[in-house]
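**Student:** A structural model of the following input is requested.
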Amino acid sequence: MFSVIFPGQGSQIVGMGKELYNKFDLVKNLFKEADEVLNLPLSKIILEGPSEKLNLTINTQPAIYLISFAIYNLVKKEFNINLDKAEYFAGHSLGEYSALSSAGFLNFSKTIKLLRIRGDAMQNSVPEGKGGMIAVLGTTVETIEKILLENQNNFFVEIANDNSVGQIVLSGLIEDLEKLTNVFKTNNIKNIRLPVSAPFHCKLMNKASEIMKNEIEKVNFVDCNNKLISNVTANEILNKEQLKKLLVYQIENRVRWRESVIYMINRGVNQFIEIGPGKVLSGLVKRINKDVKINTINSENDIKDLKI
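**Tutor:** From the prediction side, this is the model:
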């Protein structure tokens with residue numbers, strides 16, 4: 001039994017998808033459609049860069065989705081591998097949009113437009129340089145939660161991502177993160193400042209939530225039999241109305257990736273197929289459970305080697 005999983009921000013790299021773009025019309029046509037729908041040379045930014053432009057959240061989010069969606073459809077239509085047989089579809093943060101679109105809940109053009117708006121809203125929710133994120137390594141969620149609770153009167157920082165065993169990401173204002181890192185130093189807890197331009201998945205994203213609530217309300221999701229896992233509940237999404245609410249809720253709240261993977265494994269999933277640029281999720285899944293089979297699909301050879 002397998003699940004299909006889709007990466008989020010941070011997996012982007014200039015030139016991603018180039019091999020498949022050059023060889024397959026299906027991929028080339030989706031790139032062209034993305035440029036037309038967004039009225040933006042997204043293809044050029046992805047294939048040629050510069051990386052500074054690709055790394056802008058407003059471009060990164062639709063770019064990663066485009067690659068993931070293109071590969072998913074290539075596997076299905078050109079190589080006749082039926083990924084719709086997946087027990088679950090799941091994605092990390094923006095990857096949840098890749099998951100719901102690949103699963104059939106929303107078409108390509110509507111999803112990529114939503115992600116352009118989402119990227120812009122999240123980027124501009126906090127003035128540049130005011131907020132940030134840090135990764136904490138080698139400790140538990142419970143330890144971090146205890147430290148945050150004990151220091152709630154000194155600073156306000158939130159857990160943004162519970163990624164895997166020993167990898168947790170926190171968000172907050174720069175000044176609060178600096179106070180927290182001093183506490184970590186005292187407790188010998190290793191942490192790394194992440195190269196991001198905004199503090200995602202925390203209450204500082206409330207402006208982005210308001211914008212996305214209005215945008216998502218306008219969208220008509222399709223009734224679909226495929227099962228989708230929510231980032232913020234680490235549970236199956238039951239209906240379209242719940243999906244809308246959770247996509248908005250996700251912007252200000254914790255991505256429960258570790259719990260999502262455990263949920264799927266506990267229900268019989270023993271193979272995870274990561275579709276999109278990089279292999280970040282494959283590494284996280286391996287840290288959560290060493291016994292499951294993992295496939296990373298972002299080249300023609302990867303697709304040829306895939307067995308389900």
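**Student:** where exactly do the strands run in the stretch 201-308 of the chain?
**Tutor:** For the stretch 201-308 of the chain, strands defined by DSSP state E, counting those that start in this stretch occupy the ranges 271-275, 293-297.
**Student:** again, but for the stretch 1-150 of the chain
**Tutor:** 2-6, 88-91, 131-137.
**Student:** For the second one, which helices and strands make contact with it?
**Tutor:** Packed against strand 88-91 by the contact rule (3 or more Cβ pairs under 8 Å, 6 or more residues apart in numbering; DSSP states H and E) you find strand 2-6, helix 95-102, helix 257-266. From N, CA and C alone the C-beta is placed, and that goes for glycine too.
**Student:** Then the first one?
**Tutor:** With contacts defined as 3+ Cβ pairs under 8 Å, 6+ apart, the packing partners of strand 2-6 are strand 88-91, helix 95-102, strand 271-275, helix 280-288.
**Student:** Name the nearest residue to Asn107, ignoring sequence neighbours.
**Tutor:** Nearest residue to Asn107, sequence neighbours excluded (Cβ to Cβ, 6 or more residues apart in numbering): Ser101, at 7.2 Å.
**Student:** need the contact list for that neighbour.
**Tutor:** Tyr65, Phe69, Asn107, Phe108, Thr111 (Cβ atoms under 8 Å, 6 or more residues apart in numbering).
**Student:** Which pair in these has the greatest spatial separation?
**Tutor:** Comparing all pairs in these by Cβ to Cβ, the longest separation belongs to Tyr65 and Asn107, at 12.3 Å.
**Student:** neighbour-wise, which of these two wins?
**Tutor:** Using other Cβ atoms under 10 Å as the criterion, Tyr65 and Asn107 rank with Tyr65 on top: 29 against 10.
**Student:** Next one: that one relative to Lys286, how far apart?
**Tutor:** 24 Å (Cβ to Cβ, to the nearest Å).
**Student:** again with Pro7
**Tutor:** 14 Å.
**Student:** Look at those two and report which has more neighbours.
**Tutor:** For Pro7 versus Lys286, neighbours defined as other Cβ under 10 Å are more numerous around Pro7 (28 against 15).
**Student:** need the contact list for the more buried one.
**Tutor:** Ile64, Ser68, Gly91, His92, Gly95, Ser98, Glu274, Gly276, Pro277, Gly278, Val280, Leu281.
**Student:** mind giving me the domain split of the protein?
**Tutor:** 2-125+203-305, 131-193 (automatic domain parsing).
**Student:** Comparing those, which comes out most buried?
**Tutor:** Mean neighbour counts were taken over the domains of the chain using mean count of other Cβ atoms under 10 Å, and the top value, a mean of 19, falls to domain 2-125+203-305.
**Student:** Not counting sequence-adjacent ones, nearest residue to Lys244?
**Tutor:** That would be Ile216: by Cβ to Cβ, 6+ apart, it lies 5.1 Å from Lys244.
**Student:** ditto for Met212
**Tutor:** Met212 sits nearest to Val248 (Cβ to Cβ, 6+ apart), 5.4 Å away.
**Student:** Against Glu96, how distant is the one you found?
**Tutor:** In terms of Cβ to Cβ, Val248 sits 12 Å off from Glu96.
**Student:** Also Val157?
**Tutor:** Going from Val157 to Glu96 by Cβ to Cβ gives 23 Å.
**Student:** mind checking which of the helices and strands packed on strand 88-91 is nearest Glu241?
**Tutor:** So among the helices and strands packed on strand 88-91, helix 95-102 is nearest, using Cβ to Cβ, at 13.9 Å.
**Student:** Please state the mean pLDDT value computed over that closest one.
**Tutor:** In this model, helix 95-102 has a mean pLDDT of 98.
**Student:** Export that helix to CSV, keeping only CA atoms.
**Tutor:** Provided in CSV are the C-alpha atoms of helix 95-102 (Å, rounded to 0.1, in the frame of the first residue of the first chain):
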residue,chain,number,x,y,z
GLY,A,95,2.8,20.6,-1.2
GLU,A,96,-0.7,20.1,0.1
TYR,A,97,-1.9,22.0,-3.0
SER,A,98,0.1,19.7,-5.2
ALA,A,99,-1.5,16.8,-3.4
LEU,A,100,-5.1,18.0,-3.7
SER,A,101,-4.7,19.0,-7.4
SER,A,102,-3.0,15.8,-8.4
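**Student:** Show me what whichever strand or helix holds Glu158 is packed against.
**Tutor:** If you go by DSSP states H and E, Glu158 is part of strand 157-164. On a contact count with 3+ Cβ pairs under 8 Å, 6+ apart, strand 157-164 meets helix 141-150, strand 167-173, helix 174-186, helix 257-266, helix 280-288.
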